[in-house]
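S.K.: this one's sequence-less:
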């Protein structure tokens, strides 16, 4: 897989790809992903196996906003990258890639 911005090869992490140069994540079919940590079901399904740093990044996880998506403590990119790197390297990760239905 190649990054669509810098055209460099991306590193593979399970079913996802990561461009070190651009700091972007991709699904296998090349679609850009924002927030890999949101694709992992371990935090919800097996919280005892989820990294404590990840659990602390989430604010009000029980109270979801109208969108239904949890949000992290701040929207700062370094926090998102930190969460993504922890989740992608976790031995207990379980990425759930949602498929679009039309």
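M.R.: That came through fine. None of these values were measured; they are calculated from a predicted model. Numbering: from 1, shown residues only.
S.K.: the closest residue in space to residue 21 that isn't next to it in sequence and residue 86, how far apart?
M.R.: In space, and not counting its chain neighbours, residue 21 is closest to residue 6: 4.9 Å by Cβ to Cβ, 6 or more residues apart in numbering. C-beta coordinates here come from the backbone N, C-alpha and C atoms, glycine included. Residue 6 sits 24 Å away from residue 86, going by Cβ to Cβ, to the nearest Å.
S.K.: the more surrounded of the two?
M.R.: Per other Cβ atoms under 10 Å, whichever of residue 6 and residue 86 has more neighbours is residue 86, with 19 against 13.
S.K.: might one say that that one is in contact with residue 56?
M.R.: No. Counting by Cβ atoms under 8 Å, residue 86 stays clear of residue 56, with 11.1 Å between them.
S.K.: and the residue nearest the centre of the chain?
M.R.: residue 36 (1.0 Å; Cα atoms, centre = their mean).
S.K.: show me what contacts that one?
M.R.: Counting by Cβ atoms under 8 Å, 6 or more residues apart in numbering, residue 36 makes contact with 16, 25, 83-84, 87-88, 95.
S.K.: quick one, helices of the chain?
M.R.: 42-45, 52-57, 77-89 (DSSP state H).
S.K.: those helices: which one's closest to residue 29?
M.R.: Closest approach to residue 29 among these (Cβ to Cβ): helix 77-89, 17.7 Å.
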